[in-house]
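Participant: Let's see this in three dimensions:
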Amino acid sequence: MKMERMKMFVAVILAVGITSVASQSLGSSLKVGEVMGPGQYITAGSGYFAMLADGNLALCAKSPTCSEEPPLWQTNTSGNPGALAMITTYGCFNVFAANASHSPSSTAERLWQTHTMTKAGCLATNDTCTTTLTISRVSNVVLSSTQTGKMIWETMTSYGGKNVLLIVVDDLRPQMNLAYGQKEMITPNLDKLANSSMVFNRAYVQFAVCNPSRNSFMTGRRPDSTMVWNFQNSFRGSGGGPGESWDSMPEHFRKMGWITVGGGKIFHPCCGLEMQDWQRSWTHGFGAGYFYFFNRGMDDSFNDPFYEGDCPDSVSLCPTQAPLENFYDNRLARHTVNALEQYVNSATRSNFFIANGFRRPHNNWLIPQQFYDMYAPTESIVTAKYQSAPKNVPPIAMNDGGFKFADCANSSLNPSKVGCVSNISHPMDEYYQKEARHGYYASVSFTDSQIGLVLDSLERLQLANDTIVCLFGDHGWQLGEHDEWHKHTNFELATRTPMFIRVPGKVTMGRRSTSFIEAVDVFATLADLAGIPLNSQQSDGRSFAALFDTLDNTHPVVEYPSSAASPPTNSFNVSFSQYPRCPMNLKSLSGDHSCDSIPRSQIQVMGYTVRTAKWRYTKWLSWNTTLLAAEFHSDARIWGEELYDHSTDTGFDMDMPSESINLAYDGMHNETKEMLFNLIYQKYYRTPLALMQRNAKIPKW
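Facilitator: Sure thing, here's the model as predicted:
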């Protein structure tokens, strides 16, 4: 039977028995194997596959009840010339050729029918039940022969059904060799991935710290939508968020029929999002399960008997001769490989969505000695060229920071040893800058090796040609450029992340994109590339899947232009980020201003930043503790402004000369500032009424 005879547009059909079923609430969630009852539906492309109140099955374009217009297709519709199926008077579901007479007696024209009275749920052409119904890897309904196992007939869907491997790396900056034209770090596996992926030169996160960033890209919503601005909340209602009804990225894939398996730090392990959102985001019953992130400071003997912990005495760097299997990221990589092997060896016909969240290079750098030794001696490491704070920078924009080394304690107990601390007036001592870079580089190389284990397994298991690979960092990382370390700012290197996306068969593999991409776009893009529907109400982001089908705004990944690229000719030409400040001392705004551990109702300042091809503009606005929103009106206090000229920025100079001078106060760029602030205003401003309605049932904590 040819598939073109069966153009049924069905995303997922979850039931085969259709008679004698008690009515359930409209739109109630169905699982594979459950029986569909009157009033229930599932999404099908942009419409609905529903059982109507009278028991007929229907495809509805605008409403799950087909109340707004006639069904596109339904059972028992002899008056509809496009009908393909009907329910007989004795309860069987029949499918006929499109040009059939649709008569219950025309058995010669019948392709197949259910025998729901004598063999409930069996799809058969006779009483011996020689065919079975399954759901394919792409969520099609498949009719197969029980004798040969071969497919007889399959529903047609609007999507191709790709597997997805999502790799999120903590604190990763775009300093790889092949991908970003750098020479300092040893990253052979990321170089290999770059050669077969689209590399994004301008990818930005929406928040330069873990929990708010991950809540954002895992839901496809900006932090002002998730209401997650620190480490006190999550987007779910249990975490004080507005998103109890939202689908997370893996949850959406799971509902579309994908097996979702995860491991490591995908969501941030805190803040009311229990067990990495286990109950809703991940497939239960699949052998690999979820490999939980070890939240340091907790004795996680339940799932991490090695208890990796931190460096002794909380120092920032401690390479060790411990075997690889003692390290969390190695065990996570092996867990992911095991999940892929279980998938291949299983009987499932579903696609997979596997997420992998590596801990390193997050500080502290407890790493295998062999990777530290790749970069010895420390004295040979090159430090940042521009180590002073940007000229004319407002103190609120800066973040004093540093590290604790064995011979330099970052502590008031050692006032004579301040060399491993930086602040707005002086950088860290040169030697400790080198030591910090040594630890970070070695940590990235260790993680690169573990990424290689996972990617190599895709090849070995012959899954690479059917799997989208997406790798990026949860935010960037600063290594002494302009007197900044860690993240915690709105500067370029804190908000910019490496991003590699490999989509087999696309013309842009092995090329670099100059389009501006946001992490909040990843959810919509992966859904689009994998071929599953996602409506605009489910995301603040937008799909950039179309960029993979054109060479416009790209060049080969092995080319590193010496001049800045022209602005993208498409609509992906701007990005937005934000970061809060809670100054404890108004005389020292660059330090002691963390908002990480306080209620969100006590946030004092929010800095919003917009990045275009030429400019980065940031405005630090007062925070309304009642509305939980920035004060955009003209008489509110402005804590600082920043304007940096990026017109010569190629994306390959990690020293960031373009952010050496803040031009916001020179009086020559007022029109530019107004134009850029209007972009921020249009993206983030919400009316007080809307904010009060949003926050009506949301706790302040």
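Participant: Tell me where the stretch 251-400 of the chain is predicted with low confidence.
Facilitator: 288, 293-307, 349 (pLDDT under 70).
Participant: Okay, strands next: where are they in it?
Facilitator: Secondary structure of the stretch 251-400 of the chain by DSSP state E, counting those that start in this stretch: the strands cover 259-264, 291-292, 352-358.
Participant: Same list (those strands) but as TSV, adding mean neighbour count and distance to residue 524.
Facilitator: (C-beta placed from N, C-alpha, C; glycine too.) Formatted as TSV, these follow (neighbours: other Cβ atoms under 10 Å; distance: least, Cβ to Cβ, whole Å):
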stretch	mean neighbour count	distance to residue 524
strand 259-264	26	17
strand 291-292	22	27
strand 352-358	27	14
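Participant: In JSON lines: these, plus distance to residue 660.
Facilitator: Converted to JSON lines, these look like this (distance: least, Cβ to Cβ, whole Å):
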{"stretch": "strand 259-264", "distance to residue 660": "37"}
{"stretch": "strand 291-292", "distance to residue 660": "43"}
{"stretch": "strand 352-358", "distance to residue 660": "33"}
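Participant: roughly how far apart are the residue nearest to residue 505 when sequence neighbours are not counted and residue 196?
Facilitator: Leaving out its chain neighbours, the residue that sits closest to residue 505 by Cβ to Cβ, 6 or more residues apart in numbering is residue 465, at 8.0 Å. According to Cβ to Cβ, to the nearest Å, residue 465 and residue 196 sit 11 Å apart.
Participant: Compare neighbour counts for those two and give me the winner.
Facilitator: residue 196 (16 against 11; other Cβ atoms under 10 Å).
Participant: list the contacts for the more buried one?
Facilitator: Going by Cβ atoms under 8 Å, 6 or more residues apart in numbering, residue 196 touches 502, 509-510.
Participant: tell me which element residue 501 is part of?
Facilitator: strand 499-502 (DSSP states H and E).
Participant: for that strand, the distance to its chain's centre please.
Facilitator: 12 Å (Cα atoms, centre = their mean, to the nearest Å).
Participant: Partner strands of that strand, with direction?
Facilitator: strand 198-204 (antiparallel), strand 467-473 (antiparallel) (DSSP bridges).
Participant: helix or strand right after that strand?
Facilitator: Next along from strand 499-502, by DSSP H and E: strand 511-518.
Participant: Moving C-terminal from that next one, which element do we reach first?
Facilitator: Note on strand 511-518: by DSSP H and E, the next helix or strand toward the C-terminus is helix 522-530.
Participant: Quick one: mean pLDDT for that next one?
Facilitator: Per-residue pLDDT over helix 522-530 has a mean of 95.
Participant: what's that helix packed up against?
Facilitator: strand 163-169, helix 249-255, strand 467-473 (3 or more Cβ pairs under 8 Å, 6 or more residues apart in numbering; DSSP states H and E).
Participant: what's next to the last one, contact-wise?
Facilitator: The contact list for strand 467-473 (Cβ under 8 Å, 6+ apart) reads 162-173, 190, 193, 197, 203, 205, 451, 455, 458, 497-504, 519, 522, 526, 529-530.
Participant: What's the local residue count around residue 662?
Facilitator: 21.
Participant: Pull out the CA atoms of stretch 278-291 and give them to me as CSV.
Facilitator: Extracted in CSV, the C-alpha atoms of stretch 278-291 (Å, rounded to 0.1, in the frame of the first residue of the first chain):
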residue,chain,number,x,y,z
TRP,A,278,12.4,14.9,37.0
GLN,A,279,8.6,14.5,37.3
ARG,A,280,7.8,16.5,34.2
SER,A,281,10.8,16.9,31.9
TRP,A,282,12.3,13.4,31.6
THR,A,283,11.1,10.0,30.4
HIS,A,284,10.4,7.6,33.3
GLY,A,285,11.1,3.9,32.8
PHE,A,286,13.9,4.3,30.3
GLY,A,287,16.9,2.4,31.7
ALA,A,288,19.5,5.2,31.8
GLY,A,289,17.4,7.5,33.9
TYR,A,290,18.8,10.9,35.0
PHE,A,291,22.4,11.2,36.2
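Participant: Now that stretch: buried residues?
Facilitator: 280-283, 286, 288-291 (16 or more other Cβ atoms under 10 Å).
Participant: among the residues you listed, which are in helices?
Facilitator: Within those, residues falling in helices by DSSP state H are 280-281.
Participant: mind putting the buried residues of stretch 278-291 in TSV, distance to residue 327 included?
Facilitator: Listed next are those as TSV, based on distance: Cβ to Cβ, whole Å:
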residue	distance to residue 327
280	30
281	26
282	24
283	27
286	25
288	19
289	20
290	19
291	13
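Participant: what's the closest of the buried residues of stretch 278-291 to residue 553?
Facilitator: residue 281 (33.4 Å; Cβ to Cβ).
Participant: Surely the closest one touches residue 246?
Facilitator: No. Applying Cβ atoms under 8 Å, one finds residue 281 not in contact with residue 246, separated by 10.9 Å.
Participant: how about the strands of the stretch 251-400 of the chain, which one is nearest residue 550?
Facilitator: strand 352-358 (26.2 Å).
Participant: Within the sheet, what are the partner strands of that closest one, with directions?
Facilitator: strand 163-169 (parallel), strand 259-264 (parallel).
Participant: With only the CA atoms kept, save the strand ranked longest in the chain in PDB.
Facilitator: Scanning the chain for the longest strand, with DSSP state E as the assignment, gives strand 615-624. Output in PDB follows, covering the C-alpha atoms of strand 615-624 (Å, rounded to 0.1, in the frame of the first residue of the first chain):
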ATOM      1  CA  TRP A 615      27.400  49.000  19.700                       C
ATOM      2  CA  ARG A 616      27.000  47.600  23.200                       C
ATOM      3  CA  TYR A 617      24.800  49.800  25.300                       C
ATOM      4  CA  THR A 618      23.900  49.200  29.000                       C
ATOM      5  CA  LYS A 619      21.600  51.200  31.300                       C
ATOM      6  CA  TRP A 620      21.500  50.500  35.000                       C
ATOM      7  CA  LEU A 621      17.900  51.200  36.200                       C
ATOM      8  CA  SER A 622      16.300  51.200  39.700                       C
ATOM      9  CA  TRP A 623      14.200  48.200  40.600                       C
ATOM     10  CA  ASN A 624      10.600  48.400  41.700                       C
END
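Participant: Could you list every helix and strand in contact with the helix or strand following it?
Facilitator: Using DSSP H and E, the helix or strand that follows strand 615-624 towards the C-terminus is strand 629-630. With contacts taken as 3+ Cβ pairs under 8 Å, 6+ apart, strand 629-630 sits against strand 615-624.
Participant: Show me the contact partners of the strand it packs on.
Facilitator: 394, 396-397, 490-492, 580-581, 603-610, 629-632, 636-646, 659, 664, 672-673, 676-677, 680.
Participant: Are any of these buried, and if so which?
Facilitator: 394, 396-397, 490-492, 580-581, 603-610, 629-632, 639-646, 659, 664, 672-673, 676-677, 680.
Participant: mean confidence for stretch 223-243?
Facilitator: On average, stretch 223-243 scores 92.
Participant: Just confirm residue 609 is within a strand.
Facilitator: Yes. Per DSSP: H, G, I helix; E, B strand; the rest coil, residue 609 lies within a strand segment.
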